[in-house]
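sequence and predicted structure below; questions after.
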Amino acid sequence: MAHRLDVPEAMLFDLDGTLFRTESLLIPAYHATFDKLREEGLYNGDTPPEERILSSLGLLLPEIWRRVMPEASLEAHRRADYWLLHFQLEGLHRGEGELYEGVAETLDKLHRRGIRLFVASNGLEHYVKGVVHHKGLDSLFEGIYSAGEYGTASKVDLVRICLERHRIERAWMVGDRSSDVEAGKRNGLTVIGCSYAQFGKAGELDGADRVITRFDELLVM
């Protein structure tokens, strides 16, 4: 039986695939984005398979579009950034998108225990903050860190900025992708891998200290 982990002073959470069931908001926005790109003459042909963007979650947006539509122009990629954010924010305003089961309740319990909570995401600033706000989580998080706001080239750098700004010494990084494992380990953190989103490939969470299949397992680590 695995030994009990030391209680951290803080936890840093990825957003997509960890707190937020991304596909519940992303897929309608994804199809609407390609409708707009075709309308603007920036993309021809069928919308790329949904699997392409779902398997790319956790990457920075420029990398995502290079994978989703490698043959398209840089202008098309930039417009895709714009329209995807536009349609996702519209969806959030309509109440679309879901947190994973137990996320709100578990975060509240961790907060009440005195653990400092942060978000560290490779997403765009308004999207990341929009999800946190519209899902009623604002009061639980001490800081929201996104690659879009801080201009970081990797999650390693984003996590480092968060740790330094808030003078955090003992923390857990909680996420579902290899970028989360790397960001945690390279910053000397304990890493909790989340396997319930199933966006990742085999071996995605290799190197994590623990892997959970339900978010509320964080309460008994």
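Looks like it arrived, so ask away.

show me how far stretch 167-187 is from its chain's centre.
Remark: stretch 167-187 is offset 13 Å from the chain centroid, using C-alpha atoms, centre = their mean, to the nearest Å.

may I see the buried residues of it?
Within stretch 167-187, the residues scored as buried using 16 or more other C-beta atoms under 10 Å are 168, 171-185, 187. All C-beta atoms are positioned from the backbone trio N, CA, C, and that covers glycine.

distance check, the residue lying closest to Ala32 once chain neighbours are set aside against Asp81.
Counting by C-beta to C-beta, 6 or more residues apart in numbering, Ala32 lies nearest to Phe87, which is 4.6 Å off, once chain neighbours are set aside. Per C-beta to C-beta, to the nearest Å, Phe87 is found 12 Å from Asp81.

before we move on, back to that, give me the subset of the buried residues of stretch 167-187 lying in strands.
Using DSSP state E, 171-175 are the members of the buried residues of stretch 167-187 that sit in strands.

care to break the chain down by domain?
10-21+98-220, 23-93 (automatic domain parsing).

redo the ones you listed as CSV? Include distance to His3.
Converted to CSV, those look like this (distance: least, C-beta to C-beta, whole Å):
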stretch, distance to His3
domain 10-21+98-220, 10
domain 23-93, 28
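
just name the most buried of those domains.
domain 10-21+98-220 (a mean of 19; mean count of other C-beta atoms under 10 Å).

give the other helices and strands that the helix or strand hosting Leu84 contacts.
If you go by DSSP states H and E, Leu84 is part of helix 74-93. Packing contacts for helix 74-93, counted by 3 or more C-beta pairs under 8 Å, 6 or more residues apart in numbering; DSSP states H and E, involve helix 23-39, helix 61-68, helix 125-134.

off-centre distance for the shortest one?
Translated: helix 61-68. 15 Å.

measure Ser154 to Leu12 for me?
14 Å.

correction: Glu142
10 Å.

next: Thr47.
Going from Thr47 to Leu12 by C-beta to C-beta gives 34 Å.

got a list of what the nearest residue to Asp16 once chain neighbours are set aside touches?
Nearest residue to Asp16, sequence neighbours excluded (C-beta to C-beta, 6+ apart): Thr22, at 4.1 Å. Listed by C-beta atoms under 8 Å, 6 or more residues apart in numbering, the contact partners of Thr22 are 16, 54, 57, 197, 199.

tell me which of those is nearest to Lys36?
Nearest to Lys36, judged by C-beta to C-beta, of the contacts of Thr22 is Leu54 at 19.9 Å.

now do the contacts for that closest one.
22-23, 26, 199 are the contacts of Leu54 under C-beta under 8 Å, 6+ apart.
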